[in-house]
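[1] Next comes the sequence, and after it the predicted model I'd like to discuss.
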Amino acid sequence: MHPYSDSVKLVPCIRLPLRWFAPHCFSKQYLIALTCLTSLFFGLGWYSTWFGWLLFVSIIPLLLIVQHCIRFGKHASFIDCFVYLFLALFLWNTLTTWWLSQAAFAAFLFVAFFNTCCLLAPWYVYYHMRKQLGMYVGYIALVASWLTLEYAHLAWESWEFTFPWLNLGNGLAGLHGWIQWYCFTGILGGSLWILIVNLLLYHWLAEAGRTYSSCLAFVLLPLGLSSGMYYTHTENGTLVEVVVVQPNFDSYTEKAHGSPHFVPVSTQIERLLDLTHRHLTPNTSLVVWPESAIDCCLEEDCILQYQVMQPIIRFLEAHPNISLISGISTFQKYGTIKCTKTAKKRGKNYVDYFNSVLHMRKSPHLNLDIYHKIKRLPGGEYIPYFHLLPTKVLAWIKKQIADIGEIDPCLAQGNETKVFVTEHGVQIAPINCYESLYGAFVGSACQKGARLLTVLTNDGWWGNTPIYQHHFKYSQLLAVSHRRSLIRAANTGISGCINQRGDVLTATNRLESAAVRQFVCTNDRSTFYSIYGDYIGQIAFCVFLFLLCVLLTSSNPKPLGVKQ
């Protein structure tokens, strides 16, 4: 027997309250009940602020599934756990990402299946590390591998199937008063907190470990620290008056050029300007419009010459103290040379299309700056590894995506984060929709001097679903992580302003045409997280590699799959 094996400890492992529920032989009914329980915990914890605390017990049923399969599985291999773990994780993904089906049911199925397979990887690592190197090493391996997976979604450039939406730390978005210390750790700190508390509770309840004091410490200390930071925080910087506009155009009908209900772009701009004028005051210095507000593809070298831009130019000339930030679709011509892998042949020239953010101000002559979206939405804005796919396969995928709406699945990618400087010298980071999930990415703009954050989005693709609240709450996490006031403009959904500790200062209702005016406070002090980014993920990756080397070089490893 391997000296670090915990197989001897597995027989009397349930001595506390869970012994009343755990069967004494292999039970499919027990495993199915645990499967339903973990998915229920995750679903309720993700959707409801009132049940956010369930995330701290949501992983316990998964740990019990592994324990039960090791104790009573016929072959004592990972395949005993696979079906139940897969089902539990798939149900979690289904309950929390079903809104994707509003755009394309096939896309929802792919995301749910793919992300489930990704989440199975840490459990595969945990199972074999526990069997061969012991229970406690298994715990460390589970935490390290899970955080490595989340870090891959956030930071690995070669990982094009990036989907950090379900990173555990995001699940605490509705409880921003609990996680003020995200300014030191980012969302990976929340993921680490959830994993550790789950493991301590599981060990106390199911492995007869005396960890109840540690459980209390790991729950109460972060809460106490966060509470102290929340109530003692003071807003830094000067006040800036902003107007945020939510035009509320339906993405499938009013913004779709082929739809009988299409609203001409000039009319869309009229509504944006009308809503803006209603809320202007002499103190207003910034106006923010949502993603794709200027919804016609304009060549970047001659944007100011287009007819649809003339009302906007006249507006800025009439209000020279105002800076405008707006979403826009743009393209660049490269001539006869294909400069990027996303460039398309249009006539004699190669062209790249971008989902962009436009900044315009009059100082003293009309000045504009353009930011190209970097973190594109997989599937909706680019096809992962599309340059490796056969031409016919790529054409078929493009056809399926194009049928969803007027979207280009091969948009070009920007090169780096950018900071806009307003008429009054305020430095602002433009964040385009999906980019709001990448905290360290936003931190790079803060390091460049950004004092305010602006999130431009269009949540209209997902219908009347809870994504509105989720996406808005994720913006609160950004405000806390970087201690920056945040301005959020949505085409449909929720628009508003958030202060430096994550409080909502003002917000629109869902699915309404509206605008809000608010004073927000700038800040030029970088947080620890803004400077060092996702260092927790880097540490977890190093720990994971170390444990993998230990496993491979172990003097007397047990063959994988041997019954214990």
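    Ah, there it is.

[2] So what's the gap between the helix or strand Phe218 falls within and the chain middle?
    Assigned by DSSP states H and E, Phe218 falls within helix 212-232. Mean C-alpha position of helix 212-232 versus that of the full chain (CA atoms, centre = their mean, to the nearest Å) differs by 25 Å.

[3] buried residues in the next helix or strand after it?
    Helices and strands here follow DSSP H and E; after helix 212-232, the next one along the chain is strand 239-246. For strand 239-246, the neighbour count (16 or more other CB atoms under 10 Å) marks Val240, Glu241, Val242, Val243, Val244, Val245, Gln246 as buried. Any C-beta I mention is one placed from the backbone N, CA and C, and that applies to glycine too.

[4] So which elements touch strand 239-246?
    Here strand 239-246 touches helix 265-279, strand 284-288, strand 486-490, strand 496-498, strand 514-521, going by 3 or more CB pairs under 8 Å, 6 or more residues apart in numbering; DSSP states H and E.

[5] redo that, cut-off 6 Å
    helix 265-279, strand 284-288, strand 486-490, strand 514-521 (3 or more CB pairs under 6 Å, 6 or more residues apart in numbering; DSSP states H and E).

[6] Out of the ones you listed, which one sits most buried?
    Highest mean neighbour count among these (mean count of other CB atoms under 10 Å): strand 486-490, with a mean of 29.

[7] Can I get it as PDB, trimmed to CA atoms?
    These are the backbone C-alpha positions of strand 486-490, laid out as PDB (Å, rounded to 0.1, in the frame of the first residue of the first chain):
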ATOM      1  CA  LEU A 486     -18.000  52.800 -13.800                       C
ATOM      2  CA  ILE A 487     -20.400  54.100 -16.400                       C
ATOM      3  CA  ARG A 488     -22.400  51.400 -18.200                       C
ATOM      4  CA  ALA A 489     -24.400  52.100 -21.400                       C
ATOM      5  CA  ALA A 490     -26.600  49.300 -22.700                       C
END
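
[8] Tell me which other helices or strands that strand touches.
    strand 239-246, strand 452-457, helix 467-482, strand 496-498.

[9] which residue sits closest to Ser363, ignoring its sequence neighbours?
    Nearest residue to Ser363, sequence neighbours excluded (CB to CB, 6 or more residues apart in numbering): Glu423, at 5.6 Å.

[10] Tell me how many other residues crowd that neighbour.
    Using other CB atoms under 10 Å, Glu423 has 18 other residues around it.

[11] returning to what we had before: buried residues in the helix holding Phe218, which are they?
    Using 16+ other CB under 10 Å as the test for burial, helix 212-232 gives Ser214, Cys215, Phe218, Val219, Pro222, Leu223, Ser226, Met229, Tyr230.

[12] One more: stretch 367-377?
    Neighbour counts over stretch 367-377 (16+ other CB under 10 Å) mark Ile370, Tyr371, His372, Lys373, Ile374, Lys375, Arg376, Leu377 as buried.

[13] quick check: angle from the strand or helix carrying Phe90 to helix 467-482?
    Here Phe90 sits within helix 78-97, counting by DSSP H and E. If you take axes from the mean of the first three to the mean of the last three CA atoms, to 10 degrees, helix 78-97 sits at 100 degrees to helix 467-482.

[14] who does helix 78-97 touch, helix- and strand-wise?
    Secondary-structure packing of helix 78-97 (3+ CB pairs under 6 Å, 6+ apart): helix 28-47, helix 60-72, helix 105-133.

[15] Go ahead and name everything in contact with that helix.
    Identification of contacts with helix 78-97 by CB atoms under 6 Å, 6 or more residues apart in numbering yields 31, 35, 38-39, 42-43, 46, 65-66, 69, 73, 111-112, 115-116, 119, 123-124, 127.

[16] would you list every one of the strands in the stretch 351-500 of the chain?
    366-372, 420-421, 427-432, 452-457, 486-490, 496-498 (DSSP state E, counting those that start in this stretch).

[17] quick one, which of the ones you listed is nearest to Trp178?
    Among those, strand 496-498 comes nearest to Trp178, with 16.3 Å by CB to CB.

[18] Residues contacting the helix or strand following that closest one, please?
    The helix or strand immediately downstream of strand 496-498 is strand 504-507, counting by DSSP H and E. The contact list for strand 504-507 (CB under 6 Å, 6+ apart) reads Ile494, Gly496, Cys497, Ile498, Asn499, Val516, Gln518.

[19] for strand 504-507, what is the average pLDDT?
    The pLDDT scores in strand 504-507 average 95.

[20] Can you list the buried residues in that strand?
    Buried, per 16+ other CB under 10 Å, within strand 504-507: Val504, Leu505, Ala507.

[21] gap between that strand and the chain center?
    The chain centroid and the centroid of strand 504-507 are separated by 21 Å under CA atoms, centre = their mean.

[22] Within its sheet, name the partner strands of that strand and how each one runs.
    In the sheet, strand 504-507 lines up against strand 496-498 (antiparallel) (DSSP bridges).

[23] centre of the chain versus the helix holding Phe90, how much separation?
    With CA atoms, centre = their mean, you get 21 Å for helix 78-97.

[24] Can I get it in CSV, CA atoms only?
    Extracted C-alpha coordinates of helix 78-97, given in CSV (Å, rounded to 0.1, in the frame of the first residue of the first chain):
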residue,chain,number,x,y,z
PHE,A,78,-12.7,7.7,-12.7
ILE,A,79,-15.4,6.2,-15.0
ASP,A,80,-17.5,5.4,-11.9
CYS,A,81,-17.7,9.1,-11.2
PHE,A,82,-17.8,10.4,-14.7
VAL,A,83,-21.5,10.1,-15.5
TYR,A,84,-22.6,11.7,-12.2
LEU,A,85,-20.0,14.5,-12.3
PHE,A,86,-20.8,15.2,-15.9
LEU,A,87,-24.5,15.3,-15.3
ALA,A,88,-24.1,17.6,-12.2
LEU,A,89,-21.8,20.0,-14.0
PHE,A,90,-24.0,20.0,-17.2
LEU,A,91,-27.1,20.8,-15.2
TRP,A,92,-25.2,23.7,-13.5
ASN,A,93,-24.2,25.0,-16.9
THR,A,94,-27.7,24.6,-18.2
LEU,A,95,-29.3,26.5,-15.3
THR,A,96,-26.9,29.4,-15.6
THR,A,97,-26.4,29.8,-19.4
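
[25] Name the nearest of the buried residues of strand 504-507 relative to Leu551.
    Closest approach to Leu551 among these (CB to CB): Val504, at 46.9 Å.

[26] picking up where we left off before, so which elements touch the helix holding Phe218?
    Secondary-structure packing of helix 212-232 (3+ CB pairs under 6 Å, 6+ apart): helix 187-206.

[27] Report the angle between the helix it packs on and helix 467-482.
    Between helix 187-206 and helix 467-482, the angle comes out at 100 degrees (the same axes, to 10 degrees).

[28] possible to save the helices and strands packed on strand 486-490 as TSV with mean pLDDT and distance to Trp156?
    Converted to TSV, the helices and strands packed on strand 486-490 look like this (pLDDT from 0 to 100; distance: least, CB to CB, whole Å):
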stretch	mean pLDDT	distance to Trp156
strand 239-246	95	33
strand 452-457	96	23
helix 467-482	92	20
strand 496-498	95	29
